[in-house]
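Asker: here is my input, please return the structure:
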Amino acid sequence: MQNRKLGTSDLEVSALGLGCMGMSYAYGPAPDRQEMISLIRSAVELGVTFFDTAQAYGPFTDEELVGVALAHFRGHVAIATKFGIGIDPGGQQIVDSRPEYIKPSVESSLERLSVEAIDLLSTPRGPGGADRRRGRSGEGLDSRRQGEPFRSI
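Answerer: Numbers count the residues shown, from 1 in each chain. Purely as a prediction, here's the structure:
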């Protein structure tokens, strides 16, 4: 498997990565958890070292799945996640990228992923830094669909 350096960072990952969103939600009923853990581990055995998840996937359950699946491969794989997802009192997902929300949001991801550091972290950001759009079933949470870039921190 070829490796690639991401941007100007020292982070080097496999040329092929695995997006894990559909492993816990999004494309119909959630697949069998143990099968998805096996799939992620098989990808590592085939040379994949880059895995992408987000707080919004599930919400929150995908990070837990990825954390369990990659626990045996710490130091050999890179995990990317997206933060800034909250749940309002009505149960709707909201994007909250305000500075005061960043620390508790990231601390929660670290716990769910069972890692001490996140290799690549990003958030959907709106004009002025805070984005509080509401969405159902993930609708409106991916700012790329709204013409705004993802920005990594």
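Asker: now the strands for this protein?
Answerer: 3-5, 12-14, 17-19, 50-52, 78-82, 85-87, 93-95, 120-124, 134-135, 150-152 (DSSP state E).
Asker: residue contacts, His110?
Answerer: Quick fix: residue 110 is Leu, not His. 116-118 (C-beta atoms under 8 Å, 6 or more residues apart in numbering). From N, CA and C alone the C-beta is placed, and that goes for glycine too.
Asker: burial count for the residue nearest to Lys82 when sequence neighbours are not counted?
Answerer: Distances taken as C-beta to C-beta, 6 or more residues apart in numbering place Ala54 nearest to Lys82, at 3.8 Å, with adjacent residues excluded. Using other C-beta atoms under 10 Å, Ala54 is surrounded by 27 other residues.
Asker: when you give positions from now on, start the count at 300
Answerer: With the count now opening at 300, the last piece we talked about shows up as Ala353.
Asker: I'd assumed Glu362 was in contact with Ala353.
Answerer: Yes - if you go by C-beta atoms under 8 Å, Ala353 and Glu362 touch, sitting 7.5 Å apart.
Asker: ok, Tyr324 to Ile386 distance?
Answerer: 14 Å (C-beta to C-beta, to the nearest Å).
Asker: ok, those two, which is more surrounded?
Answerer: Neighbours per residue (other C-beta under 10 Å) separate Tyr324 from Ile386, with Tyr324 holding more: 18 against 12.
Asker: which non-adjacent residue is nearest the more buried one?
Answerer: In space, Tyr324 is closest to Gly357, 5.3 Å off (C-beta to C-beta, 6+ apart).
Asker: likewise for Lys304?
Answerer: Glu311 (5.0 Å).
Asker: may I have stretch 382-390 as PDB, with CA atoms only?
Answerer: Taking Å, rounded to 0.1, in the frame of the first residue of the first chain, the C-alpha atoms of stretch 382-390 are listed here in PDB:
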ATOM      1  CA  PHE A 382     -16.300  17.700  16.300                       C
ATOM      2  CA  GLY A 383     -18.800  20.300  17.200                       C
ATOM      3  CA  ILE A 384     -22.000  18.200  17.300                       C
ATOM      4  CA  GLY A 385     -24.500  18.700  20.000                       C
ATOM      5  CA  ILE A 386     -28.000  17.500  20.700                       C
ATOM      6  CA  ASP A 387     -30.700  20.100  21.500                       C
ATOM      7  CA  PRO A 388     -33.500  19.400  24.000                       C
ATOM      8  CA  GLY A 389     -35.700  18.200  21.200                       C
ATOM      9  CA  GLY A 390     -33.200  15.500  20.200                       C
END
